[in-house]
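Q: A structural model of the following input is requested.
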Amino acid sequence: MIRGWTAVIVFTTLAVVMMVGVNVRMWRRMKAATAAAKAEREAMEAGENHQARSA
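A: Residues are numbered from 1 along each chain as shown. The predicted structure is shown next:
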């Protein structure tokens with residue numbers, strides 16, 4: 001019976017580690033996408049301000 005509980009603990013631990021890894025990877029990807037979109041939006045706004053000033 002002890003071997004059964006050991007297997008449950010090992011598999012549960014592996015599942016938790018995998019889920020944490022997936023969540024961290026998704027969070028990093030989301031953070032990078034958000035930063036890229038923010039930089040693109042700021043660049044577009046800067047371009048619009050420059051055009052408005054030069055007109």
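Q: How far away from the center of its chain is the helix or strand harbouring residue 35?
A: If you go by DSSP states H and E, residue 35 is part of helix 2-54. Distance of helix 2-54 from the chain centroid (Cα atoms, centre = their mean, to the nearest Å) equals 0 Å.
Q: The residue most central in space within the chain and residue 8, how far apart?
A: The residue lying closest to the centre of the chain (Cα atoms, centre = their mean) is residue 27, at 2.1 Å. In this view, residue 27 and residue 8 are 28 Å apart by Cβ to Cβ, to the nearest Å. In this view, the C-beta of every residue, glycine as well, is placed from N, C-alpha and C.
Q: Output the below-cut-off pLDDT ranges for the chain.
A: Across the chain, residues meeting the criterion (pLDDT under 70) sit at 1, 49-55.
Q: same thing but at 90, please
A: Along the chain, the model assigns pLDDT under 90 to residues 1-3, 42-55.
Q: Residue 12: neighbour count?
A: 10 (other Cβ atoms under 10 Å).
Q: Kindly report the same for residue 24.
A: Counted with other Cβ under 10 Å, the neighbours of residue 24 add up to 10.
Q: Now do it against residue 3, distance only.
A: Taking Cβ to Cβ, one finds residue 24 at 32 Å from residue 3.
Q: now do residue 21
A: Applying Cβ to Cβ, the value for residue 21 to residue 3 is 27 Å.
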